[in-house]
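Peer 1: Sequence and predicted structure below; questions after.
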2 protein chains.
Amino acid sequence: MSTTGNGGGEDGGVRTERRRPGRRPGSADTRGDIITAARKIFSEKGFDKATIRGIAREAGVDPALVHHYFDTKEGIFVAALRLPVDPGKAIPAIIEGPRDEVGERLVRFVLTMTADPQAREPIIALMRSAMTNEQIVTMIREFLTRAVLDRVVEGLGIPPIRMEIAFAQMFGVILVRYVLRLEPLASVEVEELVDILAPTIQRYIGGN
Amino acid sequence: MSTTGNGGGEDGGVRTERRRPGRRPGSADTRGDIITAARKIFSEKGFDKATIRGIAREAGVDPALVHHYFDTKEGIFVAALRLPVDPGKAIPAIIEGPRDEVGERLVRFVLTMTADPQAREPIIALMRSAMTNEQIVTMIREFLTRAVLDRVVEGLGIPPIRMEIAFAQMFGVILVRYVLRLEPLASVEVEELVDILAPTIQRYIGGN
């Protein structure tokens, strides 16, 4: 509700008068309004059917403004769900480089990222919602497929089923390590897990 | 609420009179009373700290009766959570037999069992509760460790971390196949998954 940075002054009443329903050009937190609208639209429509235009309409702003803040639909999704990484940046860094070490790079990336509680928490929260909410499942499945799995599948030229099973291995490890907290898996160092997991992921996605 | 098999007759009032608080020797559904008590005790105390004596006390029956119906604490847990298999019977069948095919036997067993919706549903329900309830997490972790993982670890003489990672792979596959429902993983035949997963599980727990 802060008006800081928006002209200031005790003109709250005037500003209210200038607002039109469903359109808040003078909002103090346009970015926040877009995020709120995006969460609603993504959970209602899923990732595939959501559009920047629809999110802009829901937020009461011009679509150009959504592009300005977030660039792409994927960018909005990452921000709206507070995801710790942008797959569009992270995945090329993993799949480029020596093919015989792609498994190791992927495993180390996932385990290092999730070792940080701040990065891990939004991911765990999303898994939690997915277990009990069918709309959230659809949203996650679509985003995961488009933004993460398809990129690896296309980048490495591998069968989708192999990437899904590799994903299942890493997903399972994160859940067992941080939700079920089985010992010793919950406490071992990242590099010990890399030693055990990298050959598995390499076999699935290395294509050799 | 049926009184069948319990003497019958329209003596509901008399029966009520004969009951003492916390003890229901004349209950028409002693087994059901034990199950209800067990669910409460397991979720409050976890698997390790729950006792047959404590469950009997909660159900208002003699501990000998609990032994009579369910044999062991594990047996009560399996019945109370409607688990589709008794690990004490299923695991020996998997770990005995040729060591170089133990991965394949385990993968085929897990995938065949979970392919049946009736068998799968209680497992998914338990995962669902675990994602949102810390007491359920403790209960599942303890049961899983004692009744499932320790048995394989001891039976095969392997490091616990390797069994936990094997479990994480299968757990992840079940979640991706039946909760997230990523395609093609959600639709492929069991034997196609066995071909891809068996070498992984064999490497983790085969000890070669």
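Peer 2: Thanks, I have the structure now.

Peer 1: how much space between residue A:71 and chain B?
Peer 2: Distance, residue A:71 to chain B, using Cβ to the nearest Cβ, to the nearest Å: 26 Å. Any C-beta I mention is one placed from the backbone N, CA and C, and that applies to glycine too.

Peer 1: Could you check the pLDDT of that residue?
Peer 2: Listed pLDDT for residue A:71 reads 91.

Peer 1: again, but for residue A:182
Peer 2: 97.

Peer 1: distance of it from residue A:136?
Peer 2: From residue A:182 over to residue A:136 the distance is 26 Å, taken as Cβ to Cβ, to the nearest Å.

Peer 1: neighbour-wise, which of these two wins?
Peer 2: Comparing residue A:182 with residue A:136 by other Cβ atoms under 10 Å in any protein chain shown, the one with more neighbours is residue A:182, at 23 against 18.

Peer 1: Once you drop chain neighbours, what's closest to residue A:83?
Peer 2: Distances taken as Cβ to Cβ, 6 or more residues apart in numbering or on different chains put residue A:122 closest to residue A:83, at 6.0 Å, once the chain neighbours are dropped.

Peer 1: before we move on, what about residue A:207?
Peer 2: residue A:158 (5.4 Å).

Peer 1: that's a strand at that neighbour, yeah?
Peer 2: No. Secondary structure of residue A:158 (DSSP: H, G, I helix; E, B strand; the rest coil): coil, not part of a strand.

Peer 1: list the contacts for it?
Peer 2: A:152, A:204-205, A:207 (Cβ atoms under 8 Å, 6 or more residues apart in numbering or on different chains).

Peer 1: hang on, the earlier thing: any idea which helix or strand comes after the helix or strand where the residue nearest to residue A:83 lies?
Peer 2: Using DSSP states H and E, the element containing residue A:122 is helix A:117-132. Helices and strands here follow DSSP H and E; after helix A:117-132, the next one along the chain is helix A:134-143.

Peer 1: Per the annotation, how does chain A divide into domains?
Peer 2: Listed by automatic domain parsing, the domain ranges of chain A are A:12-80, A:87-205.

Peer 1: averaging pLDDT over each of those, which comes out lowest?
Peer 2: domain A:12-80 (a mean of 83).

Peer 1: how distant is that domain from the center of its chain?
Peer 2: On the basis of Cα atoms, centre = their mean, to the nearest Å, domain A:12-80 sits 18 Å off its chain's mean C-alpha point.

Peer 1: Out of the domains of chain A, which is closest to residue B:52?
Peer 2: Of all the domains of chain A, it is domain A:87-205 that lies closest to residue B:52, at 25.2 Å by Cβ to Cβ.

Peer 1: quick one: terminal-to-terminal distance for the closest one?
Peer 2: Distance across domain A:87-205, first residue to last, is 17 Å (Cα to Cα, to the nearest Å).

Peer 1: Also stretch A:63-77?
Peer 2: Stretch A:63-77 has its terminal residues 15 Å apart, counting by Cα to Cα.

Peer 1: if I look at the residue in chain A positioned nearest to chain B, how far off is residue B:172?
Peer 2: Going by Cβ to the nearest Cβ, chain B is nearest to residue A:172 of chain A, at 2.7 Å. Shown here: residue A:172 relative to residue B:172, a distance of 3 Å by Cβ to Cβ.

Peer 1: same deal with residue A:202?
Peer 2: Taking Cβ to Cβ, one finds residue A:202 at 17 Å from residue B:172.

Peer 1: quick one, which of those two is more surrounded?
Peer 2: Ranked by neighbour count (other Cβ under 10 Å), residue A:202 and residue B:172 place residue B:172 first, with 24 against 21.

Peer 1: how close does the more buried one get to chain A?
Peer 2: From residue B:172 to chain A the distance is 3 Å (Cβ to the nearest Cβ).
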